[in-house]
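*Asks:* only the shape, not the letters, is given here:
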């Protein structure tokens, strides 16, 4: 079975051949560290990461950002195939089925608190039983599912290497990965893709994902007899669903916050980190979102003075917290740039809570 991570539309199909049992992400050469805010634990890892089970596969929003799925603002046809997607979001399981360019079914199920902590499945049997119940109750296929994996503990890097023969790239990337990754390579699943050739240099997009986290996730899927066709990191699925060349994405849930900066179709910074305590009042989490977002944009602009994010770059709000209009209105008042809640690019039922299910939509939009 081959699991693929996609960044929009390109496929990262060069891995190192490891077979699995079952953060911060900064897409740039320099690595920065942000101090953790009260109630939030965060860490920085620079550049991009992808994993595939069995061989990690990155497919891109890098250079594509889902834009290739639209033309003149109109979503291109996906054909008539049915796609079942699953997003494990903290203590919630979110299921969405799409056929062609239309959402045909969706469902959400809460699971017992404590079964998943900071993105890590602690009880695969119990989580698997909940997934099994969700699929049974909604009578959906278990084979060929497109699943998400949290961005927590994912490590991205953009490497610059001299142009060398293709048969030497694997070794060169692995040597560079040993230098750049903050964790031992035997704790990660790695994959990479060439994203640009500039003169005598080659840019490589490298992604690493925690073996422990992915293996536990796969054990839960196996317990539910769910066979994934491919997988995506949550931040990358959001990038694809929103499909903007340059934007700021924030995703606020009870248990986590994700921030993604997309510049020229490349997710240059991805931050995913958990809230340490029980979910606090939404206004407290909103304050933390504003603080972290401001800090992230400042960090990017100070590191890219030749091409900073302008004050007109919009913030796209996603996540369950954004189903509340007052929360959205508060953020519009607190942020000094355009703020919007993206619509679903697929046709969808009127009762679909779009902000909660945009990750699933991005999964459904995967081309392979």
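*Replies:* Received the coordinates, thanks. In this text the structure is predicted, and so the values were computed from the model without any measurement.

*Asks:* and the helices in the stretch 201-350 of the chain, which stretches?
*Replies:* Assigned by DSSP state H, counting those that start in this stretch, the helices in the stretch 201-350 of the chain fall at 211-223, 234-242, 282-303, 325-334.

*Asks:* the third one packs against which elements?
*Replies:* In terms of contacts (3 or more Cβ pairs under 8 Å, 6 or more residues apart in numbering; DSSP states H and E), helix 282-303 is packed against strand 247-252, strand 256-263, strand 266-274, helix 325-334. In this view, the C-beta of every residue, glycine as well, is placed from N, C-alpha and C.

*Asks:* the shortest one pairs with which strands?
*Replies:* What it means is strand 247-252. Using DSSP bridges, strand 247-252 pairs in its sheet with strand 256-263 (antiparallel), strand 315-318 (parallel).

*Asks:* least reliable of these by average pLDDT, please.
*Replies:* Here these differ in mean pLDDT, and the lowest is strand 256-263 at a mean of 93.

*Asks:* out of the helices of the stretch 201-350 of the chain, deepest packed?
*Replies:* Of all the helices of the stretch 201-350 of the chain, helix 234-242 carries the top mean neighbour count, a mean of 30, counting by mean count of other Cβ atoms under 10 Å.

*Asks:* picking that back up, just name the most buried of the strands paired with strand 247-252.
*Replies:* Most buried of the strands paired with strand 247-252 by mean neighbour count (mean count of other Cβ under 10 Å) is strand 256-263; its value is a mean of 25.

*Asks:* how much space is there between residue 284 and residue 138?
*Replies:* Note on residue 284: its distance to residue 138, by Cβ to Cβ, to the nearest Å, is 34 Å.

*Asks:* oops, could you answer that again for residue 214 instead?
*Replies:* Distance of residue 214 to residue 138, computed by Cβ to Cβ: 25 Å.

*Asks:* equivalent analysis for residue 243, please.
*Replies:* When residue 243 is compared with residue 138 (using Cβ to Cβ), they lie 27 Å apart.

*Asks:* so those two - more neighbours on which side?
*Replies:* The residue with more neighbours, out of residue 243 and residue 138, is residue 243; 24 against 14, by other Cβ atoms under 10 Å.

*Asks:* touching, the more buried one and residue 344? I think so.
*Replies:* No - Residue 243 sits out of contact with residue 344 when judged by Cβ atoms under 8 Å, with a separation of 11.3 Å.

*Asks:* just give the closest residue to residue 106, not the sequence neighbours.
*Replies:* The shortest distance from residue 106 to any non-neighbouring residue, by Cβ to Cβ, 6 or more residues apart in numbering, is to residue 96 (4.7 Å).

*Asks:* tell me the SS of the one you found?
*Replies:* Taking DSSP: H, G, I helix; E, B strand; the rest coil as the rule, one finds residue 96 in the strand state.

*Asks:* that one: neighbour count?
*Replies:* If you count neighbours by other Cβ under 10 Å, residue 96 ends up with 29.

*Asks:* tell me who's in contact with it.
*Replies:* 84-85, 87, 103, 105-106, 357, 360-361, 363-364 (Cβ atoms under 8 Å, 6 or more residues apart in numbering).

*Asks:* mind listing which of the residues you listed are in helices?
*Replies:* With DSSP state H as the criterion, helices contain 357, 360-361, 363-364 from among the contacts of residue 96.

*Asks:* quick one: which of those residues is nearest residue 165?
*Replies:* The closest of those to residue 165 turns out to be residue 363 (Cβ to Cβ; 35.9 Å).

*Asks:* tell me the confidence at residue 70?
*Replies:* Value for residue 70, per-residue pLDDT: 42.

*Asks:* cool, residue 38 as well?
*Replies:* Reported pLDDT for residue 38: 29.

*Asks:* and what of residue 14?
*Replies:* For residue 14, pLDDT reads 33.

*Asks:* got it, and residue 201?
*Replies:* 91.

*Asks:* list the contacts for it?
*Replies:* Taking Cβ under 8 Å, 6+ apart, we find residue 201 in contact with 160-163.

*Asks:* likewise residue 144?
*Replies:* 83-84, 227-229.

*Asks:* quick check, it in a helix?
*Replies:* No - counting by three-state DSSP, one finds residue 144 to be strand, located in no helix.
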